[in-house]
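1. this is a predicted model, with the sequence first.
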Amino acid sequence: MPETDVIIIGSGAAGLTAALTAAGADLEVTVLEKSGLIGGTSAVSGGSIWAPVNRWLLKQGGHDSREDALAYLEAITLGNGDPDLLVAFTDNVNPMLEFVVKHTGIEFEVNPDHPDYQPHLPGAHTGGRTIQGGLFDSSQLPEPLRDRLRKSSSGVPITRLEVDTWGMDTLENWDWTLLADRMSKGIVGMGSALIGELLHGAVQRGAVVRTAAPARELVRDTAGRVCGVAVDGESGTRDILHARRGVVLASGGFEWNPDFVQRFLGRPMVAPASPPANTGDGLAMSIAIGAGLGNMSEAWWGPMIQPTGDSYDNAPLFRPTSSLRTLPGGLIVNARGRRFVNEAMNYNDMAKALANFDPVAYSYPNQPCWLVFDERFRKSYSVATCTPDSPTPNWMATASTLAELARTVGIDPDGLEHQVREFNSHAVRGEDPEFHRGESVYDTYRGDARVIPNRTLRPLEEGPYYAVPLLLGCLGTKGGPLTDASGQVIDIWGTPIPGLFACGNVAASAFGTGYPGAGATLAAGMTFGYLAGQALAAS
Amino acid sequence: MISGTHTVEIDTSPEALWDYLMEFDNWAQFVVGFQKFRIVDERTSVWTLRGDVGVLAREVDLEVVMLEQEPGRRATYSITGITERLEGTGTFEISPRGASGAQAASAARQAADAEPSTMERRKRQSWWRRLVRRWALATLRRQHGEYARAQRAESSASRSSGPAGSASAQTGAAVGLGAVFTFALEVTPGGPMAPMVEMLMRPLLAPSAEDFSTRIREQLEGTSHARD
């Protein structure tokens, strides 16, 4: 009967950090990946990691403190976070990074300018907590793993810092010859690079990674300890793989499971931006053995664009709009033609406004909504992969007047014209008295520096005008089994379930409703993966 | 510019092959990534193709316009991206098998011989390129396997004039009456991302041309079922 020390379900950054940690402690590790590709949601991410008090910041002369970090985390979780988890994260994110650096080829550098997502809260910092890795040469990986490293939807081998330098929405400024050369050599960037490094490190230490191996059920012994996994084999068989030490759930969120979304999220989320294998398998398995659940209605929210005809892994491709929304010459309106939010704020909190519920009308008034912009915007920035010189795609409505555009897509024409007049009257001075767009340090991290006095604001000028629907989406859900500070899953009464750990988006997030900063998802997943690996090594 | 060319000999008359090619419905499904097409006028059509690059796929609309036509021998079409910046041409060439036909086939073989040997090419290609080529061929086989299965189902349901099994009967082709068919595709991506698009498409064009012309031969000779 096949047996190993540790089984890890899922091959994102959380799972692979757990694998690296356990394998580094000389444990026998098997990673089970449901899909044919390795890396999960992490591989399609920017690959940033949010790490307060990180040494790369301190080396540059920056300042940060444990007290600030904890104060900020308490504020961003509205005081509802589990203090033990927040302390565990804060105290272990840097040891985790040191361990990862030591056991992989990752070289991090700090982004001194990336602010926390709610920079006005106590303990927030205006830069330096987000660190980013470099490129990864996937030819380092042994066959067949090198062919199974998941790439993002663009697949472009670029670093996060290059994106910031060249401009996220000015694709014509990117060095495409350099990028094509990198791609031809098998080089990957951002989330794929992070996964490549973790995978390489784990495999070098003996971890076995199986793809197309969906875990279906947790197996327990007579004492209730989780001691194995029922896994589907390639030939259609269901095999039991035994784990001497335990099992780590790291299988991602449930955002691609419409039934779970309907049951748990409580918001009309229709645009998940993760790989479609994230159907809540780990959640289902943990429910089946009595895990306590938490944070079930939460996700890493974001407003998404859907370029019709683009697909990823045979599912519709939804693209985040981190920077696009912040650019001058555009605004977001609902069907009444009214703005309803500061378009330039962080995507997690901004997207919640898309899901506002009107109890009188008994509807979601900001669904649908559109990003509306003028010809100068169209000729200045890329919208998804539509560059300024590209033909206007069929998912981007256009008309010579605002009223005609409104009628075309279903916005109240009078409302839109009135809103744009009002918006323009303030934007001409770089002001937004209603939503304060461009006033926070977060808002001004994006935008267009060439536009003054407010890099996120200018009036809409001459037509033609354009409209692109924005959908309520997420990078992944973040509710699931509750864990203690070591990552061990607890049951509904708070008692640890022997042999079962959870980390990453499958688990109830320590950050609750909040999103502390760029890379917080990966940071928490990797930290609790590291802690789970350590606990299993010590068990 | 990137290109792909492939030549096959087909057991049908050049005239029958020409008639076959002039009806897009006959072979549209053999175009890699085919989703749909519509005829705009006697020279112009609009095609929607799905391009797969690893796990990402994108549908692109292309305008195809007849540029020149020498009935029975040659037809050239311009290809212009509607939703993407891309230009190119596609050409059908037909010659009778036999003296001149054999010469054409021989010329095609010589041209192929002038290329670096397969082993040499493979040595020069990065593992990534080889992977993309393997993936492209596997994708093509999968796509056309699905098509062939659908055709089989349709054919067995109707037992009448399904295109896959009956084309050779319709053309009256017989072994000995033969045509040499060459399909050539040239594409030039435009815009700032052109280097990347070119790099991604380059390994795909030759297999696509080979697959397209081979499928046409199989359909006309009624052998597609055997391959699948």
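-> Received it, and whenever you're ready, just let me know what you need. Remember, predicted model here, so these are calculated numbers, not experimental data.
2. run a quick neighbour tally on A:Glu143.
-> Using other Cβ atoms under 10 Å in any protein chain shown, A:Glu143 is surrounded by 10 other residues. No exception for glycine: its C-beta is placed from N, CA and C like everyone else's.
3. repeat that for A:Arg336.
-> A:Arg336: 16 neighbours (other Cβ under 10 Å).
4. for the closest residue to it other than its chain neighbours, phi and psi?
-> Take A:Arg336 and drop its neighbours on the chain: the residue closest to it by Cβ to Cβ, 6 or more residues apart in numbering or on different chains is A:Gly415, 4.7 Å away. Dihedral pair for A:Gly415: phi -60, psi -40, per degrees, to the nearest 10.
5. in three-state terms, label whichever residue of the stretch 1-150 of chain A sits closest to chain B for me.
-> Of all residues in the stretch 1-150 of chain A, A:Asp147 sits closest to chain B, at 5.7 Å by Cβ to the nearest Cβ. With DSSP: H, G, I helix; E, B strand; the rest coil as the basis, A:Asp147 sits in helix.
6. what are the buried residues along the lengthiest strand in chain B?
-> Ordering each strand of chain B by length in residues (DSSP state E) puts strand B:56-70 first. Under the neighbour-count criterion of 16 or more other Cβ atoms under 10 Å in any protein chain shown, strand B:56-70 has B:Leu56, B:Ala57, B:Arg58, B:Glu59, B:Val60, B:Asp61, B:Leu62, B:Val64 buried.
7. please list which of those are also close to chain A.
-> Among the buried residues of strand B:56-70, the residues lying close to chain A (Cβ under 8 Å from any Cβ of the partner chain) are B:Leu56, B:Ala57, B:Arg58, B:Glu59, B:Val60.
8. those residues into CSV, with extra columns for pLDDT?
-> Converted to CSV, these look like this (pLDDT from 0 to 100):
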residue, pLDDT
B:Leu56, 79
B:Ala57, 85
B:Arg58, 86
B:Glu59, 89
B:Val60, 90
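9. what is the nearest of the residues you listed to chain A?
-> Among these, B:Glu59 lies closest to chain A (Cβ to the nearest Cβ), at 3.2 Å.
10. residue contacts, the closest one?
-> Residues in contact with B:Glu59 (Cβ atoms under 8 Å, 6 or more residues apart in numbering or on different chains) are A:Thr308, A:Gly309, A:Asp310, B:Gln35, B:Thr48, B:Leu49, B:Arg50, B:Gly51, B:Thr83.
11. tell me the one among those residues nearest to A:Ala13.
-> Within those, proximity to A:Ala13 (Cβ to Cβ) peaks at A:Asp310, which comes in at 24.8 Å.
12. neighbours around the closest one, how many?
-> Around A:Asp310 there are 20 residues (other Cβ under 10 Å).
13. that one bridge partners, please.
-> B:Arg58 (DSSP bridges).
14. give me the pLDDT value at it.
-> In this prediction, A:Asp310 carries a pLDDT score of 91.
15. thought it was touching A:Ala273?
-> No. Applying Cβ atoms under 8 Å as the test, A:Asp310 and A:Ala273 come out as separate, 11.9 Å apart.
16. name the residues contacting each of those two.
-> Shared contacts of A:Asp310 and A:Ala273 (Cβ under 8 Å, 6+ apart): A:Arg319.
17. residue 217: which element?
-> Just going to use chain A. strand A:215-220 (DSSP states H and E).
18. can you look at chain B instead?
-> Assigned by DSSP H and E, B:Arg217 falls within helix B:194-221.
19. other SSEs contacting that helix?
-> For helix B:194-221, the packing partners by 3 or more Cβ pairs under 8 Å, 6 or more residues apart in numbering or on different chains; DSSP states H and E come out as helix A:176-184, strand B:2-10, helix B:14-22, helix B:24-27, helix B:127-158, helix B:163-171, strand B:179-189, helix B:224-227.
20. same thing but at 6 Å, please
-> Judged by 3 or more Cβ pairs under 6 Å, 6 or more residues apart in numbering or on different chains; DSSP states H and E, helix B:194-221 is in contact with helix A:176-184, strand B:2-10, helix B:127-158, helix B:163-171, strand B:179-189.
21. ok, of the ones you listed, where does mean pLDDT dip lowest?
-> Ranked by mean pLDDT, the helices and strands packed on helix B:194-221 bottom out at helix B:163-171, with a mean of 38.
22. quick one on the thing from earlier: test my guess that the residue nearest to A:Arg336 contacts A:Phe340.
-> No. The criterion here is Cβ atoms under 6 Å, and A:Gly415 misses it with A:Phe340 at 11.9 Å.
23. grab the nearest non-local neighbour of residue 73.
-> In the absence of a named chain, chain A is used. Closest to A:Leu73 by Cβ to Cβ, 6+ apart is A:Leu86, at 4.6 Å.
24. hmm, no, I was thinking of chain B.
-> Leaving aside its chain neighbours, B:Arg73 sits nearest to B:Ile94 (5.8 Å; criterion: Cβ to Cβ, 6+ apart).
25. now the angle between strand B:179-189 and the host helix or strand of the one you found, please.
-> If you go by DSSP H and E, B:Ile94 is part of strand B:86-96. Relative orientation of strand B:86-96 versus strand B:179-189 (axes from the mean of the first three to the mean of the last three Cα atoms, to 10 degrees): 170 degrees.
26. model confidence for B:Arg159, exactly?
-> The model reports B:Arg159 with a pLDDT of 33.
27. re earlier: let me see the contact set for the residue nearest to B:Arg73.
-> The contact partners of B:Ile94, by Cβ atoms under 6 Å, 6 or more residues apart in numbering or on different chains, come to B:Pro14, B:Leu17, B:Trp18, B:Arg73, B:Ala179, B:Phe181.
28. hang on, the first one packs against B:Gly178?
-> No. Using Cβ under 6 Å as the test, B:Pro14 is too far from B:Gly178 to be in contact (8.5 Å).
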